[in-house]
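1. predicted model and sequence follow; I will ask about them next.
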Amino acid sequence: MSGLSTAALGLVYSIFGILGVVLNGLALATFTYFQPQPGTKNIPHVNLLLASFGVSLSCVLPGLASFSGSWGFNDIVCQIQGFYGMLTGMMVIYAVAMLAGERYVVFKGMCPSGVAYYLFTSLCWFAAGFWSCLPLMGCSRYTLQSSANDCILDWKEQSSIHWSYILAISCFGFAVPLAATFGALSKCHAAEDSKDEGWFTESQLIKISKWQCFFCLVQWLPFAVLVFIPLAIPTSVVEASGLSQLSIFFAKGLSPGYPVLYVASSGRFRTAAASLVGLASSNHVKDD
């Protein structure tokens, strides 16, 4: 790649990373400091924002590598980068599914207990960690992509154990969680003047969850398709077309969208977030 191309990639990674870290970090700080939701109901939102923050943070090494024109790190760092990217990405999917499940349970008139929030949060992180560890144990592998600026799951691998892993993670790490999410949210509805749940009405939370599901699908579908492309198209053609790089841009570039949903839905949330950076008084948040 030319110096201009690598600099452009570095700039794109920098924009995605800075926007995602700032916006997710600010929303995360708002949830943890002001507790917009009652008690443990903040947990699934914090989970999603923390995972999305992590996805944005994974832009740091690719950005540095793009600006320098080469990876410049050893294989151990590459494996850590691949694992970290997979862990945070999987957690985004599971966190979106957990929020949709919560909306469905609340819509049905049930109230999840604090223990349930902690239990399902632990299960989500365990599942994300499980799928992320398997490539390190030989079921697949993390490798430097052709543009030499990021380490991701080796979608060009052709071994039988790799395809077993791809089929399993595509099913239980992508298709099933998102299908369950769509199914749960399709049954949820609430009037615009529905009861408040902290700083949000039930209607707002359902809309936020639906948009989160849409973002999640658009964010991870390109990579979910990419891993199956070698079955039909030579990998050299895919690399030359830039599809692998494009799928990474979708994965990292949509992370700033999750916190925007909260900011756009609640004036009180906007005021609270603004107060954390000195643009509003925290007294206005308490008085609302």
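-> Perfect, I can see it now. Every value quoted in this text rests on a predicted model; they were computed, and no experiment measured them.

2. the spatially closest residue to residue 270 that is not a sequence neighbour: neighbour count?
-> Counting by C-beta to C-beta, 6 or more residues apart in numbering, residue 270 lies nearest to residue 263, which is 5.3 Å off, once chain neighbours are set aside. Quick note: C-beta positions are derived from backbone N, CA and C, even for glycine. Neighbours of residue 263 under the rule other C-beta atoms under 10 Å: 17.

3. identify the residues contacting residue 263.
-> Shown in contact with residue 263 (C-beta atoms under 8 Å, 6 or more residues apart in numbering): 27, 269, 270, 273.

4. can you tell me the helix or strand for the first one?
-> Right, the one you point to is residue 27. helix 3-34 (DSSP states H and E).

5. what does the helix or strand encompassing residue 163 rub up against?
-> Per DSSP H and E: residue 163 is located in helix 160-170. Contact partners of helix 160-170, identified using C-beta under 8 Å, 6+ apart, comprise 131, 134, 135, 138, 139, 140, 141, 154, 224, 227, 228.

6. if I look at the closest residue to the fourth one other than its chain neighbours, how far off is residue 128?
-> Nearest in space to residue 138, with sequence neighbours left out and distances taken as C-beta to C-beta, 6+ apart, is residue 161 at 7.2 Å. Using C-beta to C-beta, to the nearest Å, residue 161 is found at 21 Å from residue 128.

7. who's more crowded, these two?
-> residue 128 (22 against 12).

8. what's the ChimeraX line that selects buried ones from the contacts of helix 160-170?
-> Buried subset of the contacts of helix 160-170, written as a ChimeraX selection, criterion 16 or more other C-beta atoms under 10 Å:
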select :131,134,135,139,140,141,154,224,227
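
9. where along the stretch 151-288 of the chain do the strands fall?
-> When assigned using DSSP state E, counting those that start in this stretch, the strands of the stretch 151-288 of the chain occupy the ranges 151-153, 196-197, 200-201.

10. whoops, I mixed them up, the stretch 1-150 of the chain
-> 142-144.

11. my read is that residue 29 contacts residue 277, right?
-> No - contact between residue 29 and residue 277 fails when scored by C-beta atoms under 8 Å: they sit 9.4 Å apart.

12. how far away is the residue nearest to residue 138 from residue 151?
-> Residue 161 is 20 Å from residue 151, by C-beta to C-beta.

13. again, but for residue 231
-> 23 Å.

14. out of the two, which sits in the more crowded spot?
-> Ranked by neighbour count (other C-beta under 10 Å), residue 231 and residue 151 place residue 151 first, with 27 against 9.

15. hmm, back to that, figure out which of the strands of the stretch 151-288 of the chain is closest to residue 244.
-> strand 151-153 (7.9 Å; C-beta to C-beta).

16. need the contact list for residue 139.
-> Neighbours of residue 139 in contact, by C-beta under 8 Å, 6+ apart: 161, 162, 164, 165.

17. quick one, helices of this protein?
-> In the chain, the segments counted as helices under DSSP state H are 3-34, 43-57, 60-68, 75-107, 114-133, 160-170, 176-186, 202-226, 235-241, 243-253, 257-265, 267-276, 282-287.

18. deepest-packed of those, please.
-> helix 43-57 (a mean of 24; mean count of other C-beta atoms under 10 Å).

19. between that helix and helix 3-34, how big is the angle?
-> Orientation check (axes from the mean of the first three to the mean of the last three C-alpha atoms, to 10 degrees): helix 43-57 against helix 3-34 gives 160 degrees.

20. and helix 43-57, what does it pack against?
-> helix 3-34, helix 75-107, helix 114-133, helix 243-253, helix 257-265 (3 or more C-beta pairs under 8 Å, 6 or more residues apart in numbering; DSSP states H and E).

21. would you turn the contacts of helix 160-170 into JSON lines with distance to residue 43?
-> What follows is these, written out as JSON lines (distance: C-beta to C-beta, whole Å):
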{"residue": "131", "distance to residue 43": "21"}
{"residue": "134", "distance to residue 43": "27"}
{"residue": "135", "distance to residue 43": "28"}
{"residue": "138", "distance to residue 43": "34"}
{"residue": "139", "distance to residue 43": "30"}
{"residue": "140", "distance to residue 43": "31"}
{"residue": "141", "distance to residue 43": "33"}
{"residue": "154", "distance to residue 43": "34"}
{"residue": "224", "distance to residue 43": "27"}
{"residue": "227", "distance to residue 43": "31"}
{"residue": "228", "distance to residue 43": "34"}
